[in-house]
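**Q** Compute the structure for the input listed below.
(chains A and B)
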Amino acid sequence: MSPVDPEEGHRIGVRLDELLEERGMTLTELADRVGVTIVNLSILKNGRAKAVRFSTLTAICDALGCDVGDVLYLSEG
Amino acid sequence: MRSFRPARLVEASLYLVALLCAFWSTLWILGYTGFQRIGYADLPRWLDPISLDGSNSQWVTNPTVLVRVDPSRFDALLASYRDLNGGFPDSRGGTPPHWAELLPGSSVVQLWDFTFLQKLSFIGIQLAGYAGVAFIAITLARLVADSRGESPFVLRNVNRLRRIGVVVLIGAPLLSLGHWFVERWLVESSSMGDTVSVYPYHWSSLPWWTMLVGAAVLVLADVWHRGVRMADDVEGLV
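**A** Numbers count the residues shown, from 1 in each chain, chains lettered A, B, ... in the order given. Predicted coordinates:
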């Protein structure tokens, strides 16, 4: 689970670490399947992304076989 | 082999413009119209094309001003010519203080004898123009240099464009008015001050096209600011 930085002005976190581990998939593999650079996917995984395209989110969900709610979560204030 | 980078060429050219401004300012300070430390003959001949350029001709001689002759004073004007062996400033009879002469066949007065303060004001106006151009060139060169290899859409560049816009929009009319005031002062205090007068400053004399460019740069700065906000939005988008 990526840490949520309150300085960024939101409480959205990303659960890519757990999802990749559960599926035994590497970040490079996911980047290939989703069609984004590993740098950008790493930014998302580490909670440094400010926004995610719907198309990227759809591709991630398709590649990991999960729902949007499995990838993103709203942390407690 | 290093690749050709147009941005570097633009940056170097802009610094060259600033350097030329500094060079011309030095010529004005040290030259014939200024403190007479260097003469036209001292300059290397390859400078001829620029030193004899119309806009800079006052560097190699004394300033000329377009004036109107008061018809009621025309006789006095002719009398002053007769007194001075045809009006030549180097005539044996000598010339009066703050000597000025009407150039033959024109409405242009050439001014010869300034006080120190007048000289300072006249050169100051020229230097202000060069300083403005140099400021714009250096600011643009920094903008180009900072934008190499990174996004130009940063707040620093917005502020640079705003400064250029303000300098052009406000500086150009101030310079034009300043030039007119100094010329009027020089003519009024000259030996022909009671015979000729400088044309009144008319609103159409304002440098409208230059001011329009200044306004356009300010608009560009505003658009650039929107670009900065958009770049901020896109940064971190996955």
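
**Q** CA only for contacts and neighbour counts going forward, please
**A** Noted.

**Q** Chain B contacts on chain A?
**A** A:36, A:40, A:41, A:43, A:44, A:48, A:49, A:50, A:51, A:52, A:53, A:56 (CA under 8 Å from any CA of the partner chain).

**Q** For the fifth one, list the residues it contacts.
**A** Under the criterion of CA atoms under 8 Å, 6 or more residues apart in numbering or on different chains, the contact list for residue A:44 reads A:14, B:238.

**Q** mind listing what residue B:182 touches?
**A** The contact partners of residue B:182, by CA under 8 Å, 6+ apart, come to B:118, B:121, B:122.

**Q** top of these by neighbour count?
**A** Using other CA atoms under 10 Å in any protein chain shown as the neighbour criterion, residue B:122 leads the contacts of residue B:182 with 23 neighbours.

**Q** any idea which element that one lies in?
**A** helix B:116-147 (DSSP states H and E).

**Q** Check residue B:110 too.
**A** Here residue B:110 is assigned to strand B:108-111, by DSSP H and E.

**Q** Average the pLDDT values over that strand and round to the nearest integer.
**A** Mean pLDDT, computed over strand B:108-111, is 85.

**Q** Where does pLDDT dip in chain B?
**A** By pLDDT under 70, the low-scoring segments of chain B are B:1-4, B:50-56, B:77-96.

**Q** how about a cut-off of 80?
**A** Within chain B, the segments meeting pLDDT under 80 span B:1-5, B:32-33, B:35, B:39-40, B:47-61, B:70-99, B:102-106, B:149, B:233, B:235-236.

**Q** Now do the buried residues in the longest strand anywhere in it.
**A** The single longest strand within chain B, with elements called by DSSP state E, is strand B:64-69. For strand B:64-69, the neighbour count (16 or more other CA atoms under 10 Å in any protein chain shown) marks B:64, B:65, B:66, B:67, B:69 as buried.

**Q** now the residues you listed in CSV, with distance to chain A?
**A** Shown next, in CSV, are the buried residues of strand B:64-69 (distance: CA to the nearest CA, whole Å):
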residue, distance to chain A
B:64, 64
B:65, 63
B:66, 64
B:67, 66
B:69, 72
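
**Q** wait, isn't residue B:146 in contact with residue B:152?
**A** Yes: with contact defined as CA atoms under 8 Å, residue B:146 reaches residue B:152; the gap is 7.2 Å.

**Q** Comparing these two, which shows the higher neighbour count?
**A** Using other CA under 10 Å, the more surrounded residue of residue B:146 and residue B:152 is residue B:152, with 19 against 15.
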